[in-house]
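Asker: Quick check, what structure comes out for this input:
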Amino acid sequence: MDFQKKIVSQEISRTGVRTILVATDFSEYSDMALQKAIDIALQQNARIYLLHVERLMKKRTFDSPEVLIREQIGKFPEANMVEIIPDIRKGSPYEEILKEQAERKIELIIIATRGRAGLIRHHPTKNLATRIAKKSPCSILVVGA
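Answerer: Purely as a prediction, here's the structure:
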């Protein structure tokens, strides 16, 4: 995993990045992904798109995603120094992350290896980060291994 992070870091510093997508399920692992995105955005003067995907059939058992996104951003004092654009979609996390990447011409996706049940599965062949890495045309940074 460190080797992959090193490759992505070298690529970012060499070419620069202007758009970052962070997939969030509001877990501590998603917080780690957002912190990494903020660090990179500050260095690269990049814009962050913070995406939460609600599954269509899942009952909501917590606050609204809009409230949770604001709370998550509020955890990071340096977040006010970068542009963070929240987005909420409904559907399959895999499909919606790839759609967001294409629509916004995202150059870097940052995603956590773990999260709340339903966003990132723990089975290696069904891992959301792995599936996205195989399909996405942009760089992927996986955090929280």
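Asker: what about the residue nearest to the spatial centre of the chain, is that helix, strand or coil?
Answerer: What sits nearest the mean C-alpha location of the chain, by C-alpha atoms, centre = their mean, is Val22, with 1.9 Å. Under the three-state scheme (DSSP: H, G, I helix; E, B strand; the rest coil), Val22 adopts strand.
Asker: okay but it is in contact with His52, surely?
Answerer: No: applying C-beta atoms under 8 Å, one finds Val22 not in contact with His52, separated by 9.7 Å. Every C-beta, even on glycine, is put in place using the N, C-alpha and C of the backbone.
Asker: where does the protein dip in pLDDT?
Answerer: Under the criterion pLDDT under 70, the flagged ranges of the chain are 1-15, 57-62, 114-126, 145.
Asker: can you give me the strands for the protein?
Answerer: In the chain, the segments counted as strands under DSSP state E are 19-23, 47-54, 83-90, 108-112, 139-143.
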